[in-house]
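Novice: sharing a sequence plus its predicted fold:
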Amino acid sequence: MEKQTLFISYCWKDGNTYADELETQLKEKFDVKRDKSQLIANDDIYDFMTEIINCDNVILILTSEYVKSLNCMLEMSYLVAQDDWAMKSTILVVDDSLYSIERKLEVINYWILRQTRTYNELNETNVGISILEEEKKWIDDICLQIEGFFKGVSRRKNPSQIAIVNEVIKKSNRDKNYERKLVQRGEDMVLEYISDNPNLTLRELAQKTNRTYAATNRWVSNLLRDGKIKRTDNGKYEVICKR
């Protein structure tokens, strides 16, 4: 029987030990997706990070450095943009202060200030525009999802470090039919929209359907993989066949 996939999201600065322990304890049962174990020289880390959206299970290790790391919070934003994120994820809160309102507001304000600074830099310089625009897009995505993420952390019973392995295994045995229906519903919506509006880029498609870029990217990637749509030379999409 094929193993379920498990993505471990953590910060290298202060989450590495936790990730090491979890990978050791869970690698026999799961196909563990972790940058340290799988990335090799010259691999694109951002391509790897997007794998979080299609993994069967996800562990987020919330440390004090995690919530201020661009890469970590970008993984969070990819995940939380998905309709099934709460069903597939298990959160280990190492930094207990993140349960307090004051700490949550501190982190949210940190990202708002970074967002403002990036906007200002774009308006004040002609150097590195494409780099700043990419960073702006990433930070915008983080700011869009961070409040909903913290609400989710506060409202759920998160496992302790001792209990997390059992909780992940327990969660992996859940009925995934509803999650599959959510994903298929999104794919069907995108397929129908592309059929009627074939001359759109991925970002335009997300805007027109009023869904996040990360969620739309997941549905489009799945449809491409299944041969339902194809990408044209100008970076837009057209339908090959409907379901």
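Specialist: Alright, I've got the coordinates. Numbering: from 1, shown residues only.
Novice: ok, for Asp140, nearest residue in space, not its chain neighbours?
Specialist: Nearest residue to Asp140 in three dimensions, chain neighbours excluded: Gln115, at 6.7 Å (CB to CB, 6 or more residues apart in numbering). For the C-beta atoms, the positions are set from N, CA and C on the backbone; glycine is no exception.
Novice: the helix or strand containing the one you found: what's the following helix or strand?
Specialist: According to DSSP states H and E, Gln115 maps onto helix 101-124. Following the chain from helix 101-124 toward its C-terminal end, the next helix or strand by DSSP H and E is helix 129-155.
Novice: buried ones in that next one, by neighbour count?
Specialist: Residues 132, 135-136, 138-143, 145-146, 149-150, 152-153 are the ones in helix 129-155 that count as buried (16 or more other CB atoms under 10 Å).
Novice: got it, and stretch 112-124?
Specialist: 114-115, 118, 121.
Novice: and the residues you listed as TSV, adding pLDDT?
Specialist: Shown next, in TSV, are the buried residues of stretch 112-124 (pLDDT from 0 to 100):
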residue	pLDDT
Arg114	95
Gln115	95
Thr118	91
Glu121	88
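Novice: what is the orientation angle of the helix holding Gln115 with helix 129-155?
Specialist: Relative orientation of helix 101-124 and helix 129-155, computed by axes from the mean of the first three to the mean of the last three CA atoms, to 10 degrees: 170 degrees.
Novice: from now on call the first residue 228
Specialist: With the count now opening at 228, the last piece we talked about shows up as helix 328-351.
Novice: tell me where this protein is predicted with low confidence.
Specialist: 263-276, 468-470 (pLDDT under 70).
Novice: so which residue is dead centre in it?
Specialist: Note on the chain: the residue nearest the mean C-alpha position is Tyr305, at 2.3 Å, using CA atoms, centre = their mean.
Novice: doesn't that one belong to a helix?
Specialist: Yes - counting by DSSP: H, G, I helix; E, B strand; the rest coil, Tyr305 is part of a helix.
Novice: now do the strands in the protein.
Specialist: Assigned by DSSP state E, the strands in the chain fall at 231-236, 257-260, 284-289, 316-320, 456-458, 464-466.
Novice: the last one pairs with which strands, parallel or anti?
Specialist: Here strand 464-466 has these sheet partners by DSSP bridges: strand 456-458 (antiparallel).
Novice: in the strand it pairs with, which residues are buried?
Specialist: Ile456.
Novice: other residues contacting it?
Specialist: Residues external to strand 456-458 that are found in contact with it (CB atoms under 8 Å, 6 or more residues apart in numbering): 418, 421, 447, 450-451, 464-467.
Novice: again, 6 Å this time
Specialist: 421, 450, 464, 466-467 (CB atoms under 6 Å, 6 or more residues apart in numbering).
Novice: top of those by neighbour count?
Specialist: Highest neighbour count within these: Tyr464, with 24 neighbours (other CB atoms under 10 Å).
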